[in-house]
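Student: quick one, what's the 3D model for this:
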Amino acid sequence: EVQLVESGGGLVQAGGSLRLSCAASGFSFDDYAMGWFRQAPGKERQGVACIGSIDGSTYYADFVKGRFTIFRDDAKDTVYLQMTALESEDTAIYYCAKSMTYGCYYVGGEHEYDHWGQGTQVTVSS
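Tutor: Numbering: from 1, shown residues only. Below you'll find the predicted structure:
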């Protein structure tokens, strides 16, 4: 059974940092791209970042470029999202997701992901 368990969310002041983790199990982690998405209250879920499996290529949504970094540790079956310079607009539930392919070519495309974590809340106070 595929499982994705996020952790690391919390309350942080604007300008602060958080690192989210997503521990994966139940599949061959290093064969699949992974993504992070988020959903703010009253808004649709949006892609934040993704990382490929073979070459580790990464893509970011414009609103997080230069502030967030996605990376993976295949030895630990874990994908991370390092968030810096957080803004109140970053407040959302953050989800990690397993892609159905090995590549990551753009951010978004929820239909390309077949398993999702339960989410972790990130709240940025201004």
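
Student: contacts only, for Leu81.
Tutor: Applying Cβ atoms under 8 Å, 6 or more residues apart in numbering, one finds that Leu81 lies in contact with 19-20, 22, 36, 48-49, 68-70, 94, 96. Heads up, the C-betas are built off the backbone N, CA and C, glycines and all.

Student: highest neighbour count among those?
Tutor: Cys96 (29 neighbours; other Cβ atoms under 10 Å).

Student: quick one: low-confidence parts of this structure?
Tutor: For the chain, no stretch has pLDDT under 70.

Student: strands along that one, start to end?
Tutor: 3-7, 10-13, 18-25, 34-39, 46-51, 58-60, 68-73, 78-83, 92-99, 113-116, 120-125 (DSSP state E).

Student: and Tyr105, which of these is closest to it?
Tutor: Minimum separation from Tyr105 across the strands of the chain (Cβ to Cβ) falls at strand 58-60, 7.1 Å.

Student: distance-wise, check Ser53 relative to Asp73.
Tutor: 12 Å (Cβ to Cβ, to the nearest Å).

Student: the two: which is more packed in?
Tutor: Between Ser53 and Asp73, Ser53 has the larger neighbour count (other Cβ under 10 Å), namely 20 against 11.

Student: what residues does the closest residue to that one other than its chain neighbours make contact with?
Tutor: Nearest non-adjacent residue to Ser53, counting by Cβ to Cβ, 6 or more residues apart in numbering: Tyr102, 4.4 Å away. Contacts for Tyr102 (Cβ under 8 Å, 6+ apart) come out as 31-33, 52-54.

Student: buried members of the residues you listed into ChimeraX, please.
Tutor: To isolate the buried members of these in ChimeraX, using 16 or more other Cβ atoms under 10 Å:
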select :32,33,52,53
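
Student: quick one on the thing from earlier: JSON lines for the strands of the chain, including distance to Tyr106?
Tutor: Formatted as JSON lines, the strands of the chain follow (distance: least, Cβ to Cβ, whole Å):
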{"stretch": "strand 3-7", "distance to Tyr106": "21"}
{"stretch": "strand 10-13", "distance to Tyr106": "28"}
{"stretch": "strand 18-25", "distance to Tyr106": "20"}
{"stretch": "strand 34-39", "distance to Tyr106": "10"}
{"stretch": "strand 46-51", "distance to Tyr106": "8"}
{"stretch": "strand 58-60", "distance to Tyr106": "6"}
{"stretch": "strand 68-73", "distance to Tyr106": "14"}
{"stretch": "strand 78-83", "distance to Tyr106": "17"}
{"stretch": "strand 92-99", "distance to Tyr106": "12"}
{"stretch": "strand 113-116", "distance to Tyr106": "13"}
{"stretch": "strand 120-125", "distance to Tyr106": "23"}
